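Asks: Okay, predicted coordinates and the sequence, questions at the end:
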Amino acid sequence: MKRIKKMDYELLQRYIEGRVTAEEAEQVVDWLDADEAHVKEFMALHKAFDISVMNQSAAQMLQKRAKQMKLRSVGIELAKVAAVILLVLGIQYGWEFRQPERDVEEKPLYQTLYVPAGQRAELILPDSTKVWLNAHSKLVYPLSFQKDTRSVELSGEAFFEVRRNEKVPFVVKTSKVDVKVLGTEFNVLAYEEEADFEVALLKGSVLLESSRWREPHSMKPGEMVYSKDGQYYSEFIQNPDYFKWKEGMICFRNEPISRIMDKLSLYFDVKIQHQNQAFLKERYTGKFRSKDGVEQVLKVLQMEHHFHYVKDNEQNVITIK
């Protein structure tokens, strides 16, 4: 498929709202992959959509409240709320909206943020929790948390700085494990298409829960829990630089080439085939800028290791020989 230089805004709007076909979604992702400026343009449109949803939601809730209390000044109240929401969103990307008390609990509105290959994103959730999303990752989150729950769904890799609330735990749900916290800093790697996962705790404490386990596992600061080939392991974090991915860096410290290739495949959404099995057992330490792309990483690796590669752009496959 050819890269798209100019995108139809109506198509982008439907993509954000989740009303596109598989082919249209592929067109949008291809456009996002083409240029980092496209990602910024998309995020701006995404934020504008969030503002409109919040304003619409606020209007509906106030209308219900006005009907119950028989208020006559609904128009003035709506204008005030809209102005406050726009002001807060103008200051920072993210918001905290206090919903009016009501007898019937409103069904939360959810938004999905997808980060294409080779990119990363940062956002602030309704409770002021900060989230960094790595490449090829998806986060589903409510536009407003309910009073008794803070829950998001993740496929991919994300770093969280959770706003502490002892009364309402924060839960990150993945296809492998659920991470339950009160307030802390941690990294989660759990791609749906991959069998293994990693959870690394930098500050605070988290509780890992899974249907595969008899009991939850309570993690301590500096601990990493991960799965490999169906087995679960726990160890101290060996490479703090690893989390610099949220700053646009890909860092490896004495890691097997096989593991490096797996991460490159995930981050850049490319299939990497291996014909040189001995090469996979070698190790490497180094740092790369994610914006330089997968081929730049391979060229640097070639300086220390003997191999060559062939890239099939049509099939999106790299073969290591």
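Replies: Ah, there it is. Residues are numbered from 1 along each chain as shown.
Asks: after the helix or strand bottoming out on mean pLDDT in the chain comes which helix or strand?
Replies: Across the helices and strands of the chain, mean pLDDT, DSSP states H and E gives its lowest value to helix 74-91, namely a mean of 37. Using DSSP states H and E, the next helix or strand after helix 74-91 towards the C-terminus is strand 110-115.
Asks: How far does that following strand sit from its chain's centre?
Replies: 8 Å (Cα atoms, centre = their mean, to the nearest Å).
Asks: May I see the buried residues of it?
Replies: In terms of neighbour count (16 or more other Cβ atoms under 10 Å), strand 110-115 has its buried residues at 111, 113, 114, 115. For the C-beta atoms, the positions are set from N, CA and C on the backbone; glycine is no exception.
Asks: Residue 138 is in contact with the third one, correct?
Replies: Spelled out, that is residue 114. Yes. Shown here, residue 114 and residue 138 form a contact pair, counting by Cβ atoms under 8 Å, at 4.8 Å.
Asks: how many other residues sit next to residue 129?
Replies: 22 (other Cβ atoms under 10 Å).
Asks: list the contacts for it?
Replies: Contacts of residue 129 were listed using Cβ atoms under 8 Å, 6 or more residues apart in numbering, and they are 150, 160, 161, 162, 163, 170.
Asks: Can you tell me the closest non-neighbouring residue to residue 183?
Replies: residue 164 (2.5 Å; Cβ to Cβ, 6 or more residues apart in numbering).
Asks: returning to that earlier point: of the contacts of residue 129, which belong to strands?
Replies: In this view, the contacts of residue 129 that belong to strands under DSSP state E are 150, 160, 161, 170.
Asks: where's the last one relative to residue 145, distance?
Replies: The one in question is residue 170. Distance, residue 170 to residue 145, by Cβ to Cβ, to the nearest Å: 9 Å.
Asks: Common neighbours of the two, please.
Replies: In contact with both residue 170 and residue 145: 127, 151, using Cβ under 8 Å, 6+ apart.
Asks: The residue nearest the centre of the chain: what's it in contact with?
Replies: Nearest to the mean C-alpha position of the chain, by Cα atoms, centre = their mean, lies residue 133 at 3.3 Å. Counting by Cβ under 8 Å, 6+ apart, residue 133 touches 113, 115, 120, 121, 122, 123, 139, 156, 157, 158.
Asks: Next, format these as TSV and append pLDDT.
Replies: Listed next are the contacts of residue 133 as TSV, based on pLDDT from 0 to 100:
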residue	pLDDT
113	89
115	88
120	88
121	90
122	91
123	91
139	94
156	93
157	94
158	96
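Asks: What subset of these is buried?
Replies: Going by neighbour count (16+ other Cβ under 10 Å), the contacts of residue 133 have 113, 115, 120, 121, 123, 139, 156, 157, 158 buried.
Asks: just these now: which is nearest residue 291?
Replies: residue 120 (9.5 Å; Cβ to Cβ).
Asks: So the closest one sits against residue 114, correct?
Replies: No. The pair residue 120 / residue 114 is not scored as a contact, 12.0 Å apart, by Cβ under 8 Å.
Asks: can you list contacts of the helix or strand where residue 300 lies?
Replies: Using DSSP H and E, residue 300 sits in helix 294-302. For helix 294-302, contacts defined as Cβ under 8 Å, 6+ apart pick out 250, 257, 260, 264, 267-268, 270, 284, 286, 288-289, 307-309, 311, 318.
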